[in-house]
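Predicted structure and sequence below. I'll ask about it afterward.
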Amino acid sequence: MSYSQKVSCPSCGSPHVLENPAIVQITCNHCHTLFYWDTISTKDSGKKTRLMPAISGLTIGTTGKLKGEEFRVLGRVRYAYKHSQQFQKDGHWEEWYIEWGGDTAWLSEDMGELILEQAVRSKQKPEKKYLRPGNSIRIGGERFLVREAGLVRCQGAEGELPFQVTPDKTYFFADATSLNGKVFLSIEHTTLRKYSMYSGQRLKKGDISFQALATEHRKASEALRCSNCGSPIERLDDQIKTIVCPACHSALQVEENVTHLLGLTKPELATVFQIPLGREGSLLNKKWTVIGRVRKDWLGSETGYDLEYLVYNAKRGYMWLVESEGEFILEKPTDTVPLKSLFKDRAVGSSKKIGNQIYHVVDSGKMKTTYMDGSLPWVEKIGDISQYVDAENNVHTYTEEHRLEALKGQQYKTTEIEFFRGIKVSVEEIKKAFGAEPRQQKFKPSHPHRKSSHSSSSGISLFVLIILFLIFFSMIKRCTCGPSYYRRSPSGGGYRFGK
């Protein structure tokens, strides 16, 4: 038997028809008043909310197919997450409440990507003190690695929802990933004792289909202007969050079709890049365009930098081409994570099982963003600091990168973790693809093959002993326990897909 309940907005009187008995909150389509329904009467919350269209094109009332089953969007909540001192400087995400296959579920949207989530009913209560990036937790027999934790603020809601949300309310959240990268876990604490958990999987192309209704957001994005000098700004797509103005060299954050000044860049630091913005080249039998560049300087006793090129292909999306010490690596984010954070034991040469592969740690250290230009699909600021651990095997490279927030003194706190997997690309391939070759850097003679001064001395000793052992027995050949040492950095700590 179908459910149908007529209610009226307590503010303007507009009628609404509820078709789901679980609904307790509604946003009026006419006056945007948020009001509550308790099966007897409606109550005005005293809040009004109006949200900009989402990147995905979903909106209230959208219908389509999700994994072969019909779905319909009932409600939406937008959250802003906070790593630094201000909300929204780090971005936001959407939660879509949907009817699907005779039940209800949630679609979590971040940067246009979607994760299908449903509530987790487990007696295991994750204590807030353990929900720190890099920690391992076990829920329902599955082990997860916490990748992000912090505060979120509800920016608003619309449509129909099964619980009450209050705009501007703040609470704690944590996101984690299963070791195989297939299951995502979201934990939300509204109080010290009250929490909710949701788990799900990232949707692949073809899993969901619908007619995108929200088009004004994309049209408005074409009229972006620099908030510093007023020059027009071109935006590749709705995923771009940071743009550097080519006229005044201002770093700008794009939020709701408006640009906010993040700081000024120094063009003289760009002379080290060998591949210009806009250059096209073919790698992996695909044509890529360089749309963004980032320079990161090493922190420590040695001086130097890594150069990172963000390359884009309409079908493959974004990847990083990283130049470090005359070598190139092409990499992208991965959801496959280690059992424990690589920072728990980053000794050079130590072995790590990640997914079904064995890697060996080759380096670790800290870097600071000193220059960027072009466009980036996350918020990046001059002065951002990240730390990393690099590992590799005979086929792939693997990086764990932590986004850091500076505390008092020389202390830092990890706010988010990203993982990247890549492959090495020869200098000859880069020259053929982009017509460029690496710029030679000078390194201290004490460390001719590696840059970081943060790797442990025990790791160095282990490496030396292994080499001496091999030489002594005339076994001079490459093996998985003795990779060459170099450092490279992945994304720049902000390209996140998941809250």
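Looks like it came in fine.

what's the model's confidence in stretch 390-408, averaged?
Averaging pLDDT along stretch 390-408 gives 92.

Now do it: distance from first to last residue.
With Cα to Cα, to the nearest Å as the measure, stretch 390-408 spans 27 Å from end to end.

Stretch 201-212 too?
Length of stretch 201-212, first residue to last, Cα to Cα: 22 Å.

so where do the helices sit in the protein?
In the chain, the helices defined using DSSP state H lie at 216-221, 427-434, 457-472.

Would you single out the least confident of the ones you listed?
helix 457-472 (a mean of 40).

list the buried ones in stretch 267-280?
For stretch 267-280, a neighbour-count test (16 or more other Cβ atoms under 10 Å) marks 269-270, 273-275, 277, 279 as buried. To be clear about C-beta, it is placed using only N, CA and C from the backbone, and glycine gets the same treatment.

same thing with stretch 378-391?
For stretch 378-391, by 16+ other Cβ under 10 Å, it's 378-380, 382, 384-391.

Pick out the most distant pair among those residues.
Greatest spacing in these, by Cβ to Cβ: 382 and 391 (28.5 Å).

Out of the buried residues of stretch 267-280, which is nearest to residue 326?
Once Cβ to Cβ is applied, the member of the buried residues of stretch 267-280 that ends up nearest residue 326 is residue 274, at 11.1 Å.

Now do the strands in the stretch 201-350 of the chain.
Here the stretch 201-350 of the chain has its strands, by DSSP state E, counting those that start in this stretch, at 208-210, 242-244, 250-255, 258-264, 280-283, 286-299, 305-313, 317-324, 327-333.

Can you add distance to residue 437 and give the ones you listed back as JSON lines?
Formatted as JSON lines, these follow (distance: least, Cβ to Cβ, whole Å):
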{"stretch": "strand 208-210", "distance to residue 437": "43"}
{"stretch": "strand 242-244", "distance to residue 437": "25"}
{"stretch": "strand 250-255", "distance to residue 437": "28"}
{"stretch": "strand 258-264", "distance to residue 437": "30"}
{"stretch": "strand 280-283", "distance to residue 437": "13"}
{"stretch": "strand 286-299", "distance to residue 437": "15"}
{"stretch": "strand 305-313", "distance to residue 437": "12"}
{"stretch": "strand 317-324", "distance to residue 437": "10"}
{"stretch": "strand 327-333", "distance to residue 437": "10"}
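
Burial-wise, tell me which of these comes out on top.
Counting by mean count of other Cβ atoms under 10 Å, strand 242-244 has the highest mean neighbour count of these, with a mean of 25.

name the helices or strands packed onto that one?
Where contact means 3 or more Cβ pairs under 8 Å, 6 or more residues apart in numbering; DSSP states H and E, strand 242-244 is packed against strand 250-255, strand 357-376.

That strand - which strands sit beside it in the sheet, and in what orientation?
Sheet partners assigned to strand 242-244 using DSSP bridges are listed as strand 250-255 (antiparallel), strand 357-376 (antiparallel).

tell me the contacts of residue 334?
Residue 334 is in contact with 181, 398, 419-421, counting by Cβ atoms under 8 Å, 6 or more residues apart in numbering.

again, only this time at 10 Å
Taking Cβ atoms under 10 Å, 6 or more residues apart in numbering as the criterion, residue 334 is in contact with 177, 181, 354-355, 396, 398-399, 418-422, 490.

What is the nearest of those residues to residue 306?
Among the contacts of residue 334, residue 490 lies closest to residue 306 (Cβ to Cβ), at 9.6 Å.

that older thread, save the strands paired with strand 242-244 as JSON lines, and put in distance to residue 61 and mean pLDDT too.
Listed next are the strands paired with strand 242-244 as JSON lines, based on distance: least, Cβ to Cβ, whole Å; pLDDT from 0 to 100:
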{"stretch": "strand 250-255", "distance to residue 61": "25", "mean pLDDT": "88"}
{"stretch": "strand 357-376", "distance to residue 61": "32", "mean pLDDT": "95"}
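
Turn those into a markdown table, columns for distance to residue 96.
Below are the strands paired with strand 242-244 laid out as a markdown table (distance: least, Cβ to Cβ, whole Å):
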| stretch | distance to residue 96 |
| --- | --- |
| strand 250-255 | 20 |
| strand 357-376 | 26 |
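
closest one to residue 171 among those?
Nearest to residue 171, of all the strands paired with strand 242-244, is strand 250-255, at 21.6 Å by Cβ to Cβ.

how far does that closest one sit from the chain's center?
How far strand 250-255 lies from its chain's middle: 17 Å, per Cα atoms, centre = their mean, to the nearest Å.

Quick check: which ranges of this structure have low pLDDT?
1-3, 22, 37-50, 82-91, 190-193, 213-223, 256, 438-499 (pLDDT under 70).
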